[in-house]
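> quick one: sequence and predicted model below, then my questions.
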Amino acid sequence: MTAIYVITRVITLFGAYFRKLWELLVCRVCKIAVYDERAFKYSELCGHVEHELLNENPWKSFFVCWFPFTMNYLLSTYFLLGSTYNLFYIGNTSDILAWLFLWIGISLAANCSPSFEDMLAFKDSVYGRNNIFLKIIFAPFFALICVMSCLEKYSLTFILTILYAVIFPYVYGWSLPVLSLFEQVF
């Protein structure tokens with residue numbers, strides 16, 4: 001299973017490098033010890049930074065899981081917005097730049113999820129305490145992080161990201177007239 005995981009990270013190398021960049025940035029800002037910052041290694045941490053586990057501070061463990069997820073997702077949405085509309089909605093398959101942006105968008109979206117170890121550390125730091133307020137606040141975030149990291153463990157995020165890219169223009173098709181109106185106003 002590790003071989004499939006590493007292969008999908010090599011295919012989506014652009015997103016794996018960005019995921020590593022965001023995790024490394026969070027580790028530097030939060031002063032978390034980093035053991036191995038290589039993006040590609042033959043393990044389940046391929047595309048992730050190996051750092052000390054954060055079981056004591058729920059906010060740092062949340063930041064380690066959520067910030068790279070958010071940044072890669074926003075960047076992937078940016079790249080998928082134009083490319084999927086051009087390729088799948090309009091049907092203009094001759095645009096090379098749209099294919100490149102599609103690969104970059106899929107690459108970024110496939111590498112959104114935190115590692116399984118980071119998800120477990122986040123779970124221990126929040127749900128290992130008696131603070132009910134933190135448990136309620138972090139519940140929706142933890143649910144998404146848990147599902148995504150479990151899917152990433154088996155490389156299913158790669159397949160789901162391809163499906164997401166295909167249906168993206170149809171799900172967000174309502175936003176094109178709004179964006180066009182926004183562009184005309186400003």
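Noted; the coordinates are in hand. Residues are numbered from 1 along each chain as shown.
> all strands for this structure, in order.
Counting by DSSP state E, one finds strands in the chain at the ranges 34-36, 50-51.
> residues in contact with residue 170?
For residue 170, the contact set (C-beta atoms under 8 Å, 6 or more residues apart in numbering) comprises 88, 89. In short, each C-beta sits where N, CA and C put it, glycine included.
> my guess is residue 146 meets residue 123, correct?
Yes: Residue 146 is within contact range of residue 123, at 7.4 Å (criterion: C-beta atoms under 8 Å).
> re the thing from before, how about the strands of the chain in CSV, adding mean pLDDT?
As requested, the strands of the chain are exported to CSV (pLDDT from 0 to 100):
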stretch, mean pLDDT
strand 34-36, 74
strand 50-51, 72
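> any idea which residue is closest to the centre of the protein?
residue 112 (0.9 Å; C-alpha atoms, centre = their mean).
> quick one, phi/psi of that residue?
Backbone geometry at residue 112, expressed as degrees, to the nearest 10, gives phi -80, psi -40.
> and the pLDDT at it?
Per-residue confidence at residue 112 stands at 88 (pLDDT).
> so how far is residue 91 from it?
According to C-beta to C-beta, to the nearest Å, residue 112 stands 28 Å off from residue 91.
> in the biggest helix by length in the chain, which residues are buried?
As assigned by DSSP state H, the longest helix anywhere in the chain is helix 58-84. Residues 58, 60-69, 71-72, 75-76, 79-84 are the ones in helix 58-84 that count as buried (16 or more other C-beta atoms under 10 Å).
> now swap in stretch 114-134 and tell me
Here stretch 114-134 shows 114-116, 118-126, 134 as buried, counting by 16+ other C-beta under 10 Å.
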